[in-house]
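S.K.: Using only what follows, build the 3D model:
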Amino acid sequence: MMGSEGSAAGVSGLPRAPGGGVPRDPDRAFARWRSRLLDLPAPGPTLSEMGVVTDVGDGVATVSGLMQALADELIVFDSGAHGVVLDLEPDRLGVVLLGPAEMIRPGESARRTRKVVSVPVGAALLGRVVDGLGRPIDGLGPVRATLQRPVEAEAPRILERAPVSRALLTGIKAVDAAIPVGLGQRQLIIGDRQTGKTSMAIDTMLNQRDSAVLCIYCAIGQRGDAVARVIRALTENGMRSRSIVMHVGDEEAPGLAYMAPYGAMTMAEYFAAQGQDVLVVFDDMTHHARAYRELSLLLRRPPGREAFPGDIFYVHARLLERAGQFSEALGGSSITVLPVVETEAENLAAYIPTNLISITDGQIYLSPRLVRRNQFPAVDLGLSVSRVGGKAQNRSLRDVSGNLRVTLSQFEELEDFARFGTRLDDTARAHLARGAAVRMALRQAERDPMPVIEQLAVLIAAMEGLFDGLSASRVMAAMGQLRVAARQALPDLQAQAMTGARLGQDDRQRILQVAREAVGGVPPAARRGRP
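M.R.: Now for the predicted structure:
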């Protein structure tokens, strides 16, 4: 239907007479204009592959008709839901849903996108709480990230890596002294439930407030109140603005739980490409493995050991292999990973724990036996190991803690022997007193990471016997006094220790003198009597 301005003037592109008026013969002009349009090349056809949902399960859907779809391709359904192709078969696709399955109905259409799952990356994510796909869930508005990166990426090659040579200080005495972690290392935190695995990872993040390390906390299958406590700890300790929290709860689709750690690693790789050191915590990989097992069984893949699919090792290996210390050609940055895994009844030989132990560069084992003795952090130095961090350990801590493992192992053997009521000589009783004092000195409160100089002062005091014969309460009080004294009297040694320099004999004597003065204020009545 034409407008009131005339039929000739209302046709777009119609030739006009000189002076801008309507041609004298509009029919002939229109015919010439139409013939020119017909002579133009026709636009190519646009092909769009459409499939049909044949079955919907809890977290997965079966789609037929998309014969050209590729593995890991993103699929869009008419309802607006998204999914990822995980199974490719001649007549069907197994699609992992990235949202609630209730949105999709059998018979619904599905389309290819020719894209893979991507997440936003960039500094705009710092300080935010996001879901497994990088969408904000903190109520602070949209994430103003300008870049998107695929969640899957190839791990750096051998020649693109460098040796782990810089320390990542956790602020935890038992770890920094005996099980050191280096920047670029993959150190597993393993133990039963309620042994302090998450607390250790969060304390490590909080200890980075005086460093340049950025942090990403990826919570998989954790309760909302537990994640809220983590966010509050980061906020109160000044690490919220330099951290990203990714949360996928148990109530979310298992596809999101499966994708979440890959998205977190992609965010870390962006910062590493900018020359930043990044610490990533995966809490925990047991829930991730269970989510993948659920998806695999729903897709009717054959179950293997403990009903996990046969490719579960590859699922975790291709994720953790993306971490490391990178060469100068890649900026000299690092991605350090602390994956958390849960054991049952101290069974370290279970399928997922053994897989992750073989993938990572060491493990910190938290023992429920030490928890029952009220020893926190409950680090079992006999079953914990760091395969590469020793070369990156702070040299001052290495000099002080050289005999720590031997002292504790001898003490534990003697302690077990003394339980039989055997009469002990003075030397054995002295060893028991020293071992008990050293073990007590390794106690540390939650959310209280310690600077290097405070760790040095406590360890030197314990190894030199200043805590021998003190009750547990007085050892804790003495350590508190010693930490304050070391922080106030030895700021120069703190700066020196942070550079990785070794302590001289004079420096050690200064620390020992400060320790004697701090512990000397303990009332004699608090002592049990030295052997």
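S.K.: CA atoms for contacts and neighbours, from now on please.
M.R.: Noted.
S.K.: Point out where the protein drops to low pLDDT.
M.R.: 1-24, 421-422, 521-531 (pLDDT under 70).
S.K.: most residues in a single helix of it, which one?
M.R.: Longest helix in the chain by number of residues, with DSSP state H as the criterion: helix 254-273.
S.K.: buried stuff in that one?
M.R.: 254-272 (16 or more other CA atoms under 10 Å).
S.K.: what's the helix or strand where Leu319 lies packed up against?
M.R.: For Leu319, the enclosing helix or strand under DSSP states H and E is helix 312-320. Packing partners of helix 312-320 (3 or more CA pairs under 8 Å, 6 or more residues apart in numbering; DSSP states H and E): helix 254-273, helix 351-359.
S.K.: Give me the contact list for the last one.
M.R.: Among residues not part of helix 351-359, those counted as contacts by CA atoms under 8 Å, 6 or more residues apart in numbering are 188, 190, 286, 289, 305-306, 313, 316-317, 320, 341-343, 348, 363.
S.K.: Over to stretch 386-394?
M.R.: Residues contacting stretch 386-394 (CA under 8 Å, 6+ apart): 164-167, 176, 179-182, 185, 187, 361-363, 497-498, 500-501.
S.K.: Ok, stretch 495-506 next?
M.R.: Asn394, Arg395, Ser396, Asp399, Val452, Ile453.
S.K.: just checking, which of those belong to helices?
M.R.: Going by DSSP H, the helices hold Arg395, Ser396, Asp399, Val452, Ile453 from these.
S.K.: Could I get the contacting residues of the nearest residue to Met239 once chain neighbours are set aside?
M.R.: Once flanking residues are discounted, Met239 sits nearest to Arg209: 6.0 Å by CA to CA, 6 or more residues apart in numbering. Contact analysis of Arg209 by CA under 8 Å, 6+ apart lists Asn237, Gly238, Met239.
S.K.: Redo the residues you listed as JSON lines? Include neighbour count, secondary structure and distance to Gln505.
M.R.: JSON lines is the format used below for the contacts of Arg209 (neighbours: other CA atoms under 10 Å; DSSP: H, G, I helix; E, B strand; the rest coil; distance: CA to CA, whole Å):
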{"residue": "Asn237", "neighbour count": "13", "secondary structure": "coil", "distance to Gln505": "35"}
{"residue": "Gly238", "neighbour count": "14", "secondary structure": "coil", "distance to Gln505": "36"}
{"residue": "Met239", "neighbour count": "23", "secondary structure": "coil", "distance to Gln505": "36"}
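S.K.: Among these, which one sits closest to Gln375?
M.R.: Distance to Gln375 across the contacts of Arg209 (CA to CA) is lowest for Asn237, with 24.3 Å.
S.K.: how about the closest one, what does it touch?
M.R.: The contact partners of Asn237, taken as CA under 8 Å, 6+ apart, are Leu206, Arg209.
S.K.: how close does it sit to Asp210?
M.R.: 11 Å (CA to CA, to the nearest Å).
S.K.: Repeat that for Ala392.
M.R.: 19 Å.
S.K.: Just want to know which of the two has more residues nearby.
M.R.: More neighbours surround Ala392 than the other of Ala392 and Asp210, with 20 against 10 (other CA atoms under 10 Å).
S.K.: so what's that one closest to, chain neighbours aside?
M.R.: Ser165 is the one closest to Ala392 (CA to CA, 6+ apart), at 4.4 Å.
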